[in-house]
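In: Whatever this is, show me its structure:
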Amino acid sequence: MALLLFRILIIVLIIYIFYKAVRFLTDPKRKLDEAYEKGQYYFYDDVKNVRKNFFISYKGALFEGEKYLGTTDDSFEVVSIFVWVHDAMRLQGLTKEDFLFLEKEILMNYPKAKINWKNPIEQLMKER
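Out: A predicted model of the protein is given here:
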């Protein structure tokens, strides 16, 4: 009887370890951290939760966006987004086209939103 319980415990432990490994590999926050370290593009957002900010890793810079809910003609939507960079020193080498690309990517998820950049990006984007 004890041997049978021990085997069941081992099987349950293996299933639990496999479950934790799959959860770790598919965790979007981990993917964001990995993309940030490698200088790659990654958009991390919970579209269903307006209260949670989104994060974008792009060319070694980490951007954060704050969403604001408002009314449109026929529904409640995200109508305003403020985006800033965590470390302004990481902006070196980024061009206006890079920020236009980021705006396009944000507007794919929030088409009715007006995007506002915080300094120093705001000064660059005013020269449209």
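In: can we go C-alpha only for contacts and neighbour counts from here?
Out: Fine.
In: Report all helices and strands that the helix or strand bottoming out on mean pLDDT in the chain contacts.
Out: Within the chain, no helix or strand scores below helix 121-125, which has a mean of 79 by mean pLDDT, DSSP states H and E. In terms of contacts (3 or more CA pairs under 8 Å, 6 or more residues apart in numbering; DSSP states H and E), helix 121-125 is packed against helix 96-109.
In: Need the mean per-residue confidence for whichever helix or strand comes after the helix it packs on.
Out: Sequence order places strand 114-117 as the next helix or strand after helix 96-109, per DSSP states H and E. Averaged across strand 114-117, the pLDDT comes to 91.
In: what sits up against strand 114-117?
Out: 79-84, 103, 122, 125 (CA atoms under 8 Å, 6 or more residues apart in numbering).
In: Residue 35 sits in which helix or strand?
Out: Residue 35 belongs to helix 28-38, assigned by DSSP H and E.
In: in this structure, what spans have low per-residue confidence?
Out: 127-128 (pLDDT under 70).
In: make it 80
Out: 47, 72-73, 75, 123-128 (pLDDT under 80).
In: quick check: angle from the lengthiest helix in it to helix 28-38?
Out: Ranked by residue count and defined by DSSP state H, the top helix of the chain is helix 2-25. On the basis of axes from the mean of the first three to the mean of the last three CA atoms, to 10 degrees, helix 2-25 is oriented at 50 degrees to helix 28-38.
In: got the contact list for helix 2-25?
Out: Contacts made with helix 2-25 from outside it, assessed by CA under 8 Å, 6+ apart, are listed as residue 30.
In: same thing with stretch 49-68?
Out: 32, 35-46, 69, 78-87, 90-91, 94.
In: Could you list every helix and strand in contact with the helix holding residue 35?
Out: strand 42-44, strand 54-58.
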